[in-house]
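>>> sequence unknown, structure follows:
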């Protein structure tokens, strides 16, 4: 019995032709058969198509800002990403970890993480003032939520 998306509704049956039946038909290889109900498959395809979301490509350039953060051991990038996304900045396209550094001038029990944040608007070119405002909000949120400080050296 076949089911779609772990639902109890049966989508069809499939199996191997019994060896005795195959011998009576003088078939030399194993034969597999299936009988499928197409309505559940059609419904699943329609639901998947409905769930697709189209986002137009912006004609305005993106802007990247790198943050070199000093963090306590144990802070994860997921926590950093969640703190940044929680700000609800619509122009935020992505946040990704670029580099991790330990040792050298980084105190014991801490590490340095470079995070690259990309901004882009679908309505207009972003100004320096907007980018600076977003960057300040991000730095403040990371400091408040995770104790992160911007690394200067």
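Nice, I can see it. If you're wondering where the values come from, they're calculated on a predicted model, not measured in any experiment.

>>> What values do phi and psi take at the one residue sitting closest to the centre of the chain?
Note on the chain: the residue nearest the mean C-alpha position is residue 94, at 10.1 Å, using C-alpha atoms, centre = their mean. The phi and psi torsions at residue 94 (degrees, to the nearest 10) take the values phi -160, psi 160.

>>> residues touching it, list them.
When contacts are counted by C-beta atoms under 8 Å, 6 or more residues apart in numbering, residue 94 touches 116-118. C-betas here are computed from N, CA, C, even on glycine.

>>> which of these are buried?
Neighbour counting with 16 or more other C-beta atoms under 10 Å marks residue 117 as buried within these.

>>> List just the nearest of the contacts of residue 94 to residue 40.
Taking C-beta to C-beta as the measure, residue 40 sits nearest to residue 118 out of the contacts of residue 94, at 40.6 Å.

>>> buried stuff in the helix or strand encompassing the closest one?
For residue 118, the host element (DSSP states H and E) is strand 110-119. By 16+ other C-beta under 10 Å, the buried positions in strand 110-119 come out as 110-113, 115, 117, 119.

>>> Ok, stretch 139-151 next?
Of the residues in stretch 139-151, 139, 141-142, 146, 148, 151 count as buried by neighbour count, 16+ other C-beta under 10 Å.

>>> Most widely separated two among those?
With C-beta to C-beta as the measure, no two of the buried residues of stretch 139-151 lie farther apart than 141 and 151, at 16.8 Å.

>>> got the end-to-end distance for stretch 89-107?
Across stretch 89-107, the terminal residues are separated by 32 Å (C-alpha to C-alpha, to the nearest Å).
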